[in-house]
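# Quick one, structure for this:
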Amino acid sequence: MFKLHAVQAQFGDALILEFETARKRRFILVDGGPPGSFEADLDAALKEIAGPGATLDLLVLSHVDNDHVIGVLDLLAAAEEDIADGRDPRVTIKGLWHNSFGRSIDPDGEITQRIQQLMTLAGSAAVSMPFATDAFLGVREGQKLGVMARKLGIPVNRGFDGDLILADTAKRPIPVNGLTVRVIGPSKANLDALRKEWLAWLARAEADAARDPGTAAMSDRSVPNLSSIVLHVAFAGRTVLLTGDARGDHIVQGLRRAGLLDAAGTCHVDVLKVQHHGNDRNADGGFFRTVTADTYVISANGKYGNPDYDTLKWIVEAADGRAIRLVVTNETETTRKLLETHDPARHGYAMDVLPKGRHSIGVELAP
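Predicted coordinates:
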């Protein structure tokens, strides 16, 4: 048995992989969603799927954006509270995979310090920079995650060189209790390039803020992405590609490096978790012709325009009539538009939406 459960995480991500070995059901949690997700859906979904007091073979935080990390922090806080109150913890976690911002992009702390100074300057001028603020808060929450994991005795990045999960050093498939996991990203080159993007963005924002804080606020939407762990997971002859918020070209580079592209330069998986909630800045039509799937999972609720209509259109048009399934956690303006412009019967796709009031929607890969 092999399933992927997409938990209702509104504009964020929370995914549960369920698989069975030797008649024992096993679970991996990937991300935890934004503020409120744990109380509203993740806690209940874990109880429904894994049962009270379940064991997670692995917890993966793809990156430290607030829409991925907060639910993870709330889960660990709840487990810590259970122990403090003399109850069995609601979940036991055998290991955590997580690249901290400091280790991956900011080893000398310069970027974090300059972001904090920029936020202080904007705040003193009564200027809001929500995207940069979210990024900074995510960095701090990622640091908090490492502390909480150590308090609970959860091993972090066990077996990875230099405490970093990198495609360059994790070149071989990693067995996880019967699963085969390949690290597709990030690479060192991705991290080096991203550090340069952050430094360039900071230089522009600081110069704008020195002249007029309002100008810096207008460029706030251009804050660089944070690096995502990308994993190719195989079990029972089925495959899932977990992408976080990674860029499409970086994903393809990682698949090529791992030898997962075929002679035609394409890769097919059973399930693709569409990166960055279907944002069209992280993919293009070419990506979905290169990386194809039978099922495309998108976690988004319309916030920030996600999923973008173009992304949905690219997926359907790249399939070129091949039968595919779109699994979305919420109906949005763009999912309705796709159904209007691309008739499912004519284009060969089906769309399943997580029902209201349900905590997750499952995709069965192997019985």
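# Just say helix, strand or coil for Thr335.
What DSSP: H, G, I helix; E, B strand; the rest coil gives for Thr335 is helix.
# From the centroid of this structure, which residue is nearest?
By C-alpha atoms, centre = their mean, the chain has its centre lying nearest to Gly244, at 2.7 Å.
# I figured it was touching Ile251, is that so?
No: with contact defined as C-beta atoms under 8 Å, Gly244 and Ile251 do not form a contacting pair (9.6 Å). (C-beta placed from N, C-alpha, C; glycine too.)
# Could you tell me which residues touch both of those two?
Between them, Gly244 and Ile251 share these contacting residues under C-beta atoms under 8 Å, 6 or more residues apart in numbering: Val230, Gln275.
# for the residue nearest to the centre of the chain, helix, strand, or coil?
Three-state secondary structure (criterion: three-state DSSP) places Gly244 in coil.
# and it, what does it touch?
The neighbours of Gly244, taking C-beta under 8 Å, 6+ apart as the test, are Asp13, Asp31, Ser62, His63, His68, Ser228, Ile229, Val230, Gln275, His276.
# any chance of those in TSV, plus pLDDT?
Converted to TSV, the contacts of Gly244 look like this (pLDDT from 0 to 100):
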residue	pLDDT
Asp13	98
Asp31	98
Ser62	97
His63	94
His68	95
Ser228	96
Ile229	97
Val230	98
Gln275	98
His276	96
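# Could you tell me which of those residues belong to helices?
The helices in this structure, assigned by DSSP state H, contain His68 from those.
# among the contacts of Gly244, who's most crowded?
Neighbour counts for the contacts of Gly244 (other C-beta atoms under 10 Å) peak at Asp13, which has 34 neighbours.
# Thought His68 was touching that one, still the case?
Yes: taking contacts as C-beta under 8 Å, Asp13 lies within contact range of His68: 5.4 Å.
# Need the residues touching each of the two.
Residues touching both Asp13 and His68 by C-beta under 8 Å, 6+ apart: Asp31, Gly33, Ser62, Gly244.
# pLDDT wise, what is the second one at?
The predicted local confidence for Gly33 comes out at a pLDDT of 97.
# how about the nearest residue to it, chain neighbours excluded?
Ala9 (3.3 Å; C-beta to C-beta, 6 or more residues apart in numbering).
# show me what contacts the one you found?
When contacts are counted by C-beta under 8 Å, 6+ apart, Ala9 touches Asp31, Gly32, Gly33, Pro34, Ser37, Asp41, Leu42, Asp67, Gly71, Ser299, Thr329.
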